[in-house]
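Asks: no sequence on this one, just coordinates:
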């Protein structure tokens, strides 16, 4: 699992700061999460192959989270993409993209499939044999979802020497990986744990931006490997959280602690601050394993 | 008159190339012409004060000419702008911006005034005591206008020594600047040309992008100081002009020559070319005073 931060700043794009966008590599998927203005250029800068992006998840329809999307959709067309593109986003985005296409008298030459979100409860929005994606309802000024990306349980690992010694036919390997005991060539039942090792633990990533402090996310993101939680403000400006429905670094850390996540990444910094290290220091008063998002930074969890 | 190129490349924004956008400073105005994705960052990079932009002209609704507009409109709001913003653009843009605002449950805190264009003939779309702006109907795949920015005739210059010698009352200075003969303190009629010098010639700028070769623009842009004409292709790829309705460098130069303009700037280069100097060389086979647009380049005509 690998997370690349394309942009992690709030409000407006500037010369050296980009609005929200991330790429999550998980089980051979390349999921794009949010798509602020300039995302297509940041994808190029970070050498992300456009063709590998097949799923885009948009948290909400504030400009700093999606104004780069139409440009990306358009560029995919100019590059004669043929692969399907799935967009998971709040209801309304499809109408908007359709209107933009109509005004330019064009449509994509690849299938563009919208999955419009409007539920206020967490829902499973993507699933295959390796990964699940669930929404995380957030509290913001407009309808907003975070996203929980979960690897499915990995298979147990065969200890091939012990398997051979135990004289087990190859036809049973799959059963062994799935955790079953099997009968060997001599008719003896072999206990699974004698010939296999524990699976690599499944990883998970929770993206929570933008949101006010909201304990309702805790059961959804419980025990996840990595949490990105917005921290627009420092505690000294907590008074700004209520009208804007954003969080402080300390509040983000409190959610991380209560949800028992392994690692916390902070981002979506307000432009009023110069020293982002203050966010880390503030969060570390509550939670130990805190990292700061930075445009172009890669977090590797393999 | 000063023209700053923010972006002059076709199709998609890339790491070092921006789609179309320009700022024209003329008679204390700061007109923004087209607004591809990333324009607000290029405005910052080129130190253009956001508050000085009061009029934005959009040629057509292909993404590389307007995808940065909604972000700019939004950023103006975040910066608590109060000054009116006028947008001159093909019909449809107002509906689109309104939908985007609706989806984010916001509206600008400054007056946003749309002037929707749909005429197929050249029309006067802006006028004050110093400047006029006219549309230049272009031939492209969708409804497209270029824009002609014209200074009004400047006033004649007083030769203050001669005026004093001629014993003319200050009350008549305005009449003199306007070219009239006046009566002096002694009751003698003073011929205007005895005490004034010719006015500085009025300048004009014609922006023609995107367009196929179109001689119908010639009477509109006749004798103008500066012409920016798209040259998406070189002559060796002229076969691409017809389906895409773009021009070659040679065609741009032919328009410049036939319209008897003073200076030609080329731009809107296709990404297929590496050496833009070939555009200049090709255009110079037809027209002498050719310059190449380049992102961040400033052309000064004072």
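Replies: Structure's in. What do you need? The model shown is predicted, which means the values in this text are computed figures rather than measured ones. Numbers count the residues shown, from 1 in each chain, chains lettered A, B, ... in the order given.
Asks: smallest gap between the stretch 101-250 of chain A and chain B, at which residue?
Replies: Shortest the stretch 101-250 of chain A-to-chain B distance, computed as C-beta to the nearest C-beta: residue-wise this is residue A:103, at 4.3 Å. All C-beta spots, glycine's among them, are computed from the backbone N, C-alpha and C.
Asks: tally up the residues packed near the residue in the stretch 201-302 of chain A positioned nearest to chain B, please.
Replies: Taking C-beta to the nearest C-beta as the measure, the point where the stretch 201-302 of chain A comes nearest chain B is residue A:271, at 9.2 Å. Applying the criterion other C-beta atoms under 10 Å in any protein chain shown, we find 13 residues in the vicinity of residue A:271.
Asks: so it is in which element?
Replies: Under DSSP states H and E, no helix or strand contains residue A:271.
Asks: quick one on the thing from earlier: for the residue of the stretch 101-250 of chain A closest to chain B, what are its contacts?
Replies: Residue A:103 makes contact with B:61, B:90, B:92-93, B:96, B:142, according to C-beta atoms under 8 Å, 6 or more residues apart in numbering or on different chains.
Asks: ok so, going back, wait, the residue of the stretch 201-302 of chain A closest to chain B touches residue A:9, no?
Replies: Yes. Counting by C-beta atoms under 8 Å, residue A:271 does reach residue A:9; the two are 6.9 Å apart.
Asks: joint contacts of these two?
Replies: If you check residue A:271 and residue A:9 against C-beta under 8 Å, 6+ apart, the residues they both contact are residue A:17.
Asks: got JSON lines for the contacts of residue A:103, with secondary structure, neighbour count and distance to residue A:188 too?
Replies: Formatted as JSON lines, the contacts of residue A:103 follow (DSSP: H, G, I helix; E, B strand; the rest coil; neighbours: other C-beta atoms under 10 Å in any protein chain shown; distance: C-beta to C-beta, whole Å):
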{"residue": "B:61", "secondary structure": "coil", "neighbour count": "22", "distance to residue A:188": "74"}
{"residue": "B:90", "secondary structure": "strand", "neighbour count": "19", "distance to residue A:188": "80"}
{"residue": "B:92", "secondary structure": "coil", "neighbour count": "18", "distance to residue A:188": "76"}
{"residue": "B:93", "secondary structure": "helix", "neighbour count": "20", "distance to residue A:188": "77"}
{"residue": "B:96", "secondary structure": "helix", "neighbour count": "20", "distance to residue A:188": "72"}
{"residue": "B:142", "secondary structure": "coil", "neighbour count": "15", "distance to residue A:188": "76"}
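Asks: biggest separation within those residues, which pair?
Replies: Pairwise distances among the contacts of residue A:103 were taken by C-beta to C-beta; the largest, 13.9 Å, belongs to B:96 and B:142.
Asks: run through the stretch 51-200 of chain A and note the low-pLDDT ranges.
Replies: Confidence mapping of the stretch 51-200 of chain A against pLDDT under 70 gives zero matching residues.
Asks: what sits against the residue lying farthest from the centre of chain A?
Replies: When each C-alpha in chain A is compared with the mean C-alpha position (C-alpha atoms, centre = their mean), residue A:186 comes out farthest, at 48.0 Å. With C-beta under 8 Å, 6+ apart as the criterion, the residues that contact residue A:186 are residue A:167.
Asks: same question for residue A:88.
Replies: A:55-58, A:115, A:117, A:125-126, A:133, A:147.
Asks: buried members of those into PyMOL, please.
Replies: The PyMOL command for the buried members of those (criterion: 16 or more other C-beta atoms under 10 Å in any protein chain shown) is given here:
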select buried, chain A and resi 55+56+57+58+117+125+126+133+147
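Asks: can I get the contacts of residue A:88 in TSV with secondary structure?
Replies: Written out in TSV, the entries for the contacts of residue A:88 read as follows (DSSP: H, G, I helix; E, B strand; the rest coil):
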residue	secondary structure
A:55	strand
A:56	strand
A:57	strand
A:58	coil
A:115	strand
A:117	strand
A:125	strand
A:126	strand
A:133	strand
A:147	strand
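Asks: in JSON lines: the contacts of residue A:88, plus distance to chain B.
Replies: As requested, the contacts of residue A:88 are arranged in JSON lines below (distance: C-beta to the nearest C-beta, whole Å):
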{"residue": "A:55", "distance to chain B": "21"}
{"residue": "A:56", "distance to chain B": "16"}
{"residue": "A:57", "distance to chain B": "17"}
{"residue": "A:58", "distance to chain B": "11"}
{"residue": "A:115", "distance to chain B": "17"}
{"residue": "A:117", "distance to chain B": "13"}
{"residue": "A:125", "distance to chain B": "19"}
{"residue": "A:126", "distance to chain B": "23"}
{"residue": "A:133", "distance to chain B": "22"}
{"residue": "A:147", "distance to chain B": "19"}
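Asks: that's a helix at residue A:243, yeah?
Replies: Yes. Judged by three-state DSSP, residue A:243 forms part of a helix.
Asks: hmm, back to that, and the contacts of residue A:103 near chain A, which?
Replies: Of the residues in these, proximity to chain A by C-beta under 8 Å from any C-beta of the partner chain holds for B:61, B:90, B:92-93, B:96, B:142.
Asks: quick one, what contacts residue A:224?
Replies: Shown in contact with residue A:224 (C-beta under 8 Å, 6+ apart): A:148, A:150, A:204-206, A:259, A:261-262.
Asks: now do 6 Å
Replies: Taking C-beta atoms under 6 Å, 6 or more residues apart in numbering or on different chains as the definition of contact, the neighbours of residue A:224 are A:204, A:206, A:261.
Asks: same check on residue A:23?
Replies: Contact partners of residue A:23, counting by C-beta under 6 Å, 6+ apart, are A:4, A:32, A:48.
Asks: please name the nearest non-neighbouring residue to the second one.
Replies: Read that as residue A:32. With sequence-adjacent residues excluded and distances taken as C-beta to C-beta, 6 or more residues apart in numbering or on different chains, residue A:32 is closest to residue A:56, at 4.5 Å.
Asks: what number of residues lie near the nearest residue to residue A:175 once chain neighbours are set aside?
Replies: The shortest distance from residue A:175 to any residue other than its chain neighbours is 5.3 Å, reached at residue A:182 (C-beta to C-beta, 6+ apart). Counted with other C-beta under 10 Å, the burial measure for residue A:182 works out to 20 neighbours.
Asks: neighbours of residue A:74, how many?
Replies: Once other C-beta under 10 Å is used to define contacts, residue A:74 is seen to have 24 neighbours.
Asks: what helix or strand does it sit in?
Replies: With DSSP H and E as criterion, residue A:74 is part of helix A:69-78.
Asks: and what of residue A:24?
Replies: strand A:21-26.
Asks: C-terminal to that strand, what's the next element?
Replies: With elements assigned by DSSP H and E, the helix or strand that comes after strand A:21-26 is strand A:29-35.
Asks: can you mark which positions in the helix or strand just after that following strand are buried?
Replies: Proceeding N to C from strand A:29-35, the next assigned helix or strand is helix A:39-45, under DSSP H and E. For helix A:39-45, burial by neighbour count (16+ other C-beta under 10 Å) applies to A:39-44.
Asks: helix A:39-45 packs against which elements?
Replies: In terms of contacts (3 or more C-beta pairs under 6 Å, 6 or more residues apart in numbering or on different chains; DSSP states H and E), helix A:39-45 is packed against helix A:69-78.
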